[in-house]
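1. sequence and computational prediction follow.
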Amino acid sequence: MATQRYTVTPHPIETLLTWVKSGEVAIPEIQRPFVWEATKVRNLLDSLYRGYPVGYLISWRNPTVKLKDGSSALGKRVLIDGQQRVTALMAALLGHQVVTKDYETVRIRIAFHPVNERFEVSNPAIAKDTAWIVDLAEVFSPNASLFALVNEYCERNPNASQDATFHALEKLRKITNNHVGIIELDPDLSIETVTEIFIRVNSAGSELSQADFAMSKIASNETYGGNILRKAIDYFCHLAVAPEFFGRIKENDKAFAGTEFFSKMSWIKNESDDIYDPSYTDMLRVAFTSEFRRGRLEDLVALLSGRNFETKQYEDKIAEDSFRRLKDGVLNFINETHFKRFIMIIRSAGFVDSSLIGSQNALNFAYILYLALRNLEKPAAYIESAVRRWFVMSVLTGRYSGSPETTIDFDIRQLHAQGYDAFAEATIDGELSDAFWDTLLPQEMHTSSSSSPYFRVFQAAQVKLQDKGFLSKDITVLDLILNKCDVHHVFPKKHLKAQGMSKGRYNQIANYVLAQSEINIAISDTAPQVYFAELSQQCDGGKKKYGNITTIADLQANLEMSCIPQEVLINGGLDYDAFLERRRHLMAAKMKKYFRAL
C-alpha cells in the first residue's frame, strides 16, 4: 500500500491571510497579473458567506537548505494551487491592490447589501445607493467597529432593521473564521515528484506546466530578487506583443521602472516585429538552457531550490548562484543587440513573416544556439550560418515537436561536449541525407495542410532565392508574403471539385503557389491545359490574359521558380496526379539547393 505523502489540515481563512502577510506562505501570483474577473471575486465571497466549500489549497514547503554558516533554514510554503483565490481574498477583504492583465494597479471593490444579503462588484450606481456598503474592506478594517458600522448604515437607511443589519454584518465578518482545507505536501518529496503533482493540478480549468512551477518558484524568492526577476520575464513577454504598455508599466510600477531590467528592455517599446513573440515559457527555456546547459525545467526548479545534484542535498550557496545565473540568462535574452541580430538571422533564412514560423521550440533552440555560439566567441558569419542551418533542419524534421525538453537537453549537452562543428555535422548529415531530399521529403509532402512545415520552408526558400510570384514578371514572393497574399491552386479548386475530387485531394501542397490576386482571378476555374496553352499564345504575341510575361523564356524561368514542371506547356500538359508527383520532387530539389546555400 502506497504511503500518503501529504497531510490535510483545515485552517481558518484569517490564519491563512496572516501567513500571507507575514511571508510564511508565498503567493507568487501577487507578483504577476491577477487574471480573475471581479465577478469571480464576488462569487467567492458569496460562497463563503453562505457556508459553501471553496476548494482545497495545495502547498509545499521548500526543501531545507544549508545556509552559509552551516545551519539549516526551512523555506516558505509555496502555494501550488489556490493562488488566485487567496489573492482575491487579500484584495477584497484587506484592500490590497492587484495588477490586472493590462498591467494596471487597481483596487477590486466588492459591495454588500445587508438587507438583501447580496454581494456585487462596486460601480457608480451602487456608490450612490445608500442601501449598499460600497467596499467590504471597510468592514474588515482592524479599526472598524461593528456597532459603529450598524449605526452608520441605519442612519443612512432609516427603514432598515438594526437587528437584521447587525446579524448580516456579524455573519459577514465571521467568514474569516471559515475553514479552508490545506493539502500540504511532504517537504522531503523530490523536486521531480512535486513538479509532477504541480503539472497534474488544474487551476481555472487550464493545465499547469513545469514553466508555471518554475515561475512560482522564482516569484516566491525575495532574498535573491526572484520577485523582480519574475516581473522582468512577464513584462518583456507582454511588451513583445503590446509595446504600447511600456508607458503604463512605467507609470504603474515605479519600483520596477527603477531596475536595470526595465532600462535593458526599454528598446522594445519601439518594436512591432512579430517574428518572435516569446511566452514566459519560451523565455525561461532559452534563458535557462543557454546559461545552465540543461534542457529540463524541472532541473531549474531544483537548482533554484539549492539542489546539489551530487550530494542530493540543498544548499543556500547553490540557490544564490542559480538565481544569479538565471538573471544573467534573462538579461542576455532581452539584450537588444542579441534579440535583434537573432531575428535578423531568421529573416535572412527567408522566414520574413510570422506566418512562416510553425515551431516555437525550433525558434527557441535557434536562439539558444545563437547565445551559446556567441558566448563561445565564434565569428558573426559562422554564427549566422550555423543558426540558419540548424533552424531549418529542425523545422523540416520536426526535431522539437515530440518530446522537446528531452531533445533540447540532449542537443545542448552534445553541443558543448562534442563542439558544435562535430555535433552539427553528424546530426545534419544524418537527418538531411540525399535519401531525405530525394525520397523521404517528396513522400512527406503528400499533405493538404498549408501550414505544413515543408510548405513553409518552401516559401522561405523562394524568398531567399528571390523568386517571383507565380506568373508574375515583377512581383516577388517576398512582396506577396509581406502583403498577406492568398495561397492559390495551380489546378483550380473548382475544376478539380467538378471532377469529384475530395478536399484532401485538391488541396495538396504540391498544388499550391503564391500568386497575385489578379492572376488568380483571371485563371478562375479554367482547366490548366487551357490556361497554360493561352499562356504560350500570350508569349507568342497573343492577348495578355495572365500577368505581364510575354516571352517563352521568361515564362519557363517563372515556372522553374515555382517548381512547375515544364511539361505543363507541352501537348495538354500532365494529368493531376503526375503533376503532383513531379512537382513534389522539384520542390524538394529547390529546398535542398536552398539549404546548402545557408
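-> Sure thing, it's come through.
2. okay, CA-based contacts and neighbour counts for the rest of this
-> Noted.
3. which parts of the stretch 51-200 of the chain are strands?
-> All strands of the stretch 51-200 of the chain, identified by DSSP state E, counting those that start in this stretch, fall at 57-61, 65-66, 72-73, 77-81, 98-99, 105-106, 110-113, 118-121, 179-185.
4. got JSON lines for those, with mean pLDDT and distance to residue 291 too?
-> Below are those laid out as JSON lines (pLDDT from 0 to 100; distance: least, CA to CA, whole Å):
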{"stretch": "strand 57-61", "mean pLDDT": "80", "distance to residue 291": "27"}
{"stretch": "strand 65-66", "mean pLDDT": "52", "distance to residue 291": "23"}
{"stretch": "strand 72-73", "mean pLDDT": "52", "distance to residue 291": "27"}
{"stretch": "strand 77-81", "mean pLDDT": "73", "distance to residue 291": "25"}
{"stretch": "strand 98-99", "mean pLDDT": "76", "distance to residue 291": "30"}
{"stretch": "strand 105-106", "mean pLDDT": "76", "distance to residue 291": "33"}
{"stretch": "strand 110-113", "mean pLDDT": "96", "distance to residue 291": "45"}
{"stretch": "strand 118-121", "mean pLDDT": "95", "distance to residue 291": "46"}
{"stretch": "strand 179-185", "mean pLDDT": "87", "distance to residue 291": "31"}
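5. now those in CSV, with distance to residue 569?
-> Shown next, in CSV, are the strands of the stretch 51-200 of the chain (distance: least, CA to CA, whole Å):
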stretch, distance to residue 569
strand 57-61, 70
strand 65-66, 76
strand 72-73, 80
strand 77-81, 66
strand 98-99, 64
strand 105-106, 66
strand 110-113, 74
strand 118-121, 71
strand 179-185, 72
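6. pull up the distance across stretch 289-296, start to finish.
-> From its first residue to its last, stretch 289-296 covers 8 Å (CA to CA, to the nearest Å).
7. what does stretch 492-504 give?
-> Start and end residues of stretch 492-504 are separated by 14 Å (CA to CA).
8. can you list the residues that contact it?
-> For stretch 492-504, the surrounding residues in contact (CA atoms under 8 Å, 6 or more residues apart in numbering) are 447-448, 506-507, 523-528.
9. just checking, residue 84 touches residue 37?
-> No - counting by CA atoms under 8 Å, residue 84 sits too far from residue 37 to count as a contact (10.6 Å).
10. more neighbours, these two?
-> Neighbours were counted for residue 84 and for residue 37 using other CA atoms under 10 Å; residue 84 has more, 19 against 11.
11. any figure for the gap between the more buried one and residue 36?
-> Residue 84 sits 7 Å away from residue 36, going by CA to CA.
12. just to revisit the earlier point, let's have the contacts of stretch 492-504 in TSV, adding secondary structure.
-> TSV is the format used below for these (DSSP: H, G, I helix; E, B strand; the rest coil):
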residue	secondary structure
447	coil
448	coil
506	helix
507	coil
523	helix
524	coil
525	coil
526	coil
527	coil
528	helix
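13. now render those as a markdown table, adding distance to residue 598.
-> As requested, the contacts of stretch 492-504 are exported to a markdown table (distance: CA to CA, whole Å):
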| residue | distance to residue 598 |
| --- | --- |
| 447 | 26 |
| 448 | 27 |
| 506 | 33 |
| 507 | 30 |
| 523 | 35 |
| 524 | 37 |
| 525 | 38 |
| 526 | 38 |
| 527 | 38 |
| 528 | 35 |
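14. between those, which is nearest residue 353?
-> Closest approach between the contacts of stretch 492-504 and residue 353, by CA to CA: residue 448, at 21.1 Å.
15. quick one, what contacts the nearest residue to residue 271 once chain neighbours are set aside?
-> Closest residue to residue 271 apart from its sequence neighbours, by CA to CA, 6 or more residues apart in numbering: residue 243 at 6.8 Å. For residue 243, the contact set (CA under 8 Å, 6+ apart) comprises 268-272.
16. and with 10 Å instead?
-> By CA atoms under 10 Å, 6 or more residues apart in numbering, the residues touching residue 243 are 236-237, 266-272.
17. mind checking which of the residues you listed are in strands?
-> Secondary structure from DSSP state E places none of the contacts of residue 243 in strands.
18. these: which two are farthest apart?
-> Across the contacts of residue 243, the two lying at the largest distance from each other (CA to CA) are 237 and 270, at 14.4 Å.
19. quick one, helices of the stretch 251-400 of the chain?
-> With DSSP state H, counting those that start in this stretch as the criterion, the stretch 251-400 of the chain has helices at 254-257, 260-264, 280-292, 297-304, 316-334, 336-348, 360-375, 380-397.
20. can you check what angle separates the fourth one from helix 316-334?
-> I take that to be helix 297-304. Here helix 297-304 runs at an angle of 130 degrees relative to helix 316-334 (axes from the mean of the first three to the mean of the last three CA atoms, to 10 degrees).
21. what is helix 297-304 packed up against?
-> Helix 297-304 sits against helix 191-200, helix 210-219, helix 280-292, helix 316-334, with contacts defined as 3 or more CA pairs under 10 Å, 6 or more residues apart in numbering; DSSP states H and E.
22. mean pLDDT lowest for which of these?
-> Among the helices and strands packed on helix 297-304, helix 191-200 carries the lowest mean pLDDT, at a mean of 66.
23. neighbours of the residue lying closest to residue 489 once chain neighbours are set aside, just the number please.
-> Spatial nearest neighbour of residue 489, chain neighbours left out: residue 512 (4.9 Å); criterion: CA to CA, 6+ apart. Counted by other CA under 10 Å, the residues lying close to residue 512 total 21.
24. do residue 308 as well
-> 16.
25. same thing with residue 544?
-> 14.
26. JSON lines for the helices and strands packed on helix 297-304, including distance to residue 458 and mean neighbour count?
-> As requested, the helices and strands packed on helix 297-304 are arranged in JSON lines below (distance: least, CA to CA, whole Å; neighbours: other CA atoms under 10 Å):
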{"stretch": "helix 191-200", "distance to residue 458": "37", "mean neighbour count": "17"}
{"stretch": "helix 210-219", "distance to residue 458": "33", "mean neighbour count": "23"}
{"stretch": "helix 280-292", "distance to residue 458": "26", "mean neighbour count": "23"}
{"stretch": "helix 316-334", "distance to residue 458": "29", "mean neighbour count": "20"}
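27. by contact count, what packs against the longest helix anywhere in the chain?
-> If you go by DSSP state H, the chain has its longest helix at helix 576-596. Applying 3+ CA pairs under 10 Å, 6+ apart, one finds that helix 576-596 makes contact with helix 380-397, helix 441-444, helix 453-464, helix 503-506, helix 552-561.
28. can you show me the CA trace of it as PDB?
-> Only the C-alpha atoms of helix 576-596 are listed here, as PDB (Å, rounded to 0.1, in the frame of the first residue of the first chain):
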ATOM      1  CA  TYR A 576      -3.200  16.000 -61.900                       C
ATOM      2  CA  ASP A 577      -1.500  13.000 -60.100                       C
ATOM      3  CA  ALA A 578       1.500  13.100 -62.500                       C
ATOM      4  CA  PHE A 579       1.800  16.800 -61.900                       C
ATOM      5  CA  LEU A 580       1.800  16.500 -58.100                       C
ATOM      6  CA  GLU A 581       4.400  13.700 -58.200                       C
ATOM      7  CA  ARG A 582       6.700  15.600 -60.500                       C
ATOM      8  CA  ARG A 583       6.300  18.900 -58.600                       C
ATOM      9  CA  ARG A 584       7.000  17.400 -55.200                       C
ATOM     10  CA  HIS A 585      10.400  16.300 -56.400                       C
ATOM     11  CA  LEU A 586      11.100  19.700 -57.900                       C
ATOM     12  CA  MET A 587      10.100  21.400 -54.700                       C
ATOM     13  CA  ALA A 588      12.300  19.100 -52.600                       C
ATOM     14  CA  ALA A 589      15.200  19.800 -55.000                       C
ATOM     15  CA  LYS A 590      14.700  23.600 -54.500                       C
ATOM     16  CA  MET A 591      14.700  23.200 -50.700                       C
ATOM     17  CA  LYS A 592      17.900  21.100 -51.000                       C
ATOM     18  CA  LYS A 593      19.600  23.800 -53.000                       C
ATOM     19  CA  TYR A 594      18.400  26.500 -50.600                       C
ATOM     20  CA  PHE A 595      19.500  24.600 -47.500                       C
ATOM     21  CA  ARG A 596      23.000  24.000 -48.900                       C
END
